[in-house]
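Enquirer: What shape does this take:
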Amino acid sequence: MITISLCMIVKNEEKVLKRCLDSLSDIMDEIIIVDTGSTDKTKEIAHLYTDKVYDYEWSDDFSAARNYSFSKATMDYIYVADADEVIDDKNRERFIQLKEILLPEIEIVQMLYCNQLEYGTTYNFDEEYRPKLYKRLRTFIWEEPLHEAVRLEPIIYDSDIRIEHKPLDSHAGRDFSIFLKMERKGLRISKKLHTMYAKELFIAGEYEDFVSAIPIFEKTMIDESRSLDEVKEAACVLARAYRLLGREKEFFKNTLKEVASNPSSEICYELGEFYVSEEDYLEAVLWYYNAAYESSSILNIHCGGDWALERLAFCYEKLGNYEQAKAFQKRKEEWEVS
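Expert: Numbering: from 1, shown residues only. The predicted structure follows:
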């Protein structure tokens, strides 16, 4: 049977940490908790489960903190958990069975990360596979009978274990702060983080967050090294930011460029919102319909789904077409993430 180190990084998680550790503690052979500056009872709770609680000076770098937690592990495999995750009894049994049967050549085990939309987190899915269990020491293997080479790709196993993500609040504000600090330091935001920043803005961003993001995404629009996908993301963020600011010239500059090519649901939705603000409900219907049926979402799936359908119902009601309003309201209620 394999042995597992649980490695966590936490800060002010007193409301959820016990729930998480109760679901995991008897599965793990070692529990390592790295605290990045809690001012509540997080560390007291952690000490109820392990004596391996470490302080780590936060540097706005989750990878650095994760690496530090990994450096403390001593078991065969490392399991990574956030404090707002829970594993129910059925999946705890699956996890225990996995420990008994996992082949030693498996280097990464993926598990289903569930319930994102229900709990209002910054993801566009109800469940997806995520790497959660990592072999601590990797063995390098040579392959091929001639022109031999070391296998670089890890051996990954997709398990049937389901992890429930149940946050009590959004961490978007923390993330926005880190993005802005990166910008002030002159650090380039990677393609992955560019997408995550835009997604978090569209799902959890407030007025001030969009306004603060304008300089970053304006740079994307003139940076020739940025991909087409990143430019489309930036156009969406800037369209909403300028709409919120009431700056029509900049708003239409970003939306119309996208309309001329292949607009996303987010761009169409923003145009619908603009025309609602102008009380031009007939024009708004055109754009909400395009958001729901003629385009695809790239940042927030709701813009091309239930939000657009609800706005169509609203517009038709304003237009006095109550039959259509009722029909779209019904479609909104029946909408599900595909």
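Enquirer: The nearest residue to residue 263 once chain neighbours are set aside: how many residues sit nearby?
Expert: Excluding the flanking residues, the one nearest residue 263 by Cβ to Cβ, 6 or more residues apart in numbering is residue 295, at 5.5 Å. C-betas here are computed from N, CA, C, even on glycine. The number of residues packed around residue 295, counting by other Cβ atoms under 10 Å, is 23.
Enquirer: ok, now residue 187?
Expert: Close neighbours of residue 187, defined as other Cβ under 10 Å, add up to 11.
Enquirer: Quick one: list the elements packing against the longest helix that the chain contains.
Expert: The longest helix of the chain (DSSP state H) is helix 228-245. Here helix 228-245 touches helix 191-204, helix 207-222, helix 248-259, helix 265-277, going by 3 or more Cβ pairs under 8 Å, 6 or more residues apart in numbering; DSSP states H and E.
Enquirer: which residues are contacting the first one?
Expert: If you take Cβ atoms under 8 Å, 6 or more residues apart in numbering as the criterion, helix 191-204 is touched by 120-124, 170, 172, 175-176, 179, 189, 209-210, 213, 216-217, 220, 226-227, 229-230, 233-234, 236-237, 240, 266, 299-300, 303.
Enquirer: please redo it, this time with the cut-off set to 7 Å
Expert: 122, 170, 172, 175, 179, 189, 209-210, 213, 227, 230, 233, 236-237, 266, 299-300 (Cβ atoms under 7 Å, 6 or more residues apart in numbering).
Enquirer: Derive a PyMOL selection command for the buried subset of these.
Expert: What follows is the PyMOL syntax selecting those of the contacts of helix 191-204 that are buried according to 16 or more other Cβ atoms under 10 Å:
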select buried, resi 122+172+175+179+189+209+210+213+230+233+236+237+266+299+300
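Enquirer: Any idea which helix or strand in this structure has the lowest mean pLDDT?
Expert: Lowest by mean pLDDT, DSSP states H and E among the helices and strands of the chain is strand 142-143, with a mean of 77.
Enquirer: Partner strands of that strand, with direction?
Expert: As defined by DSSP bridges, the strand partners of strand 142-143 come to strand 149-150 (antiparallel).
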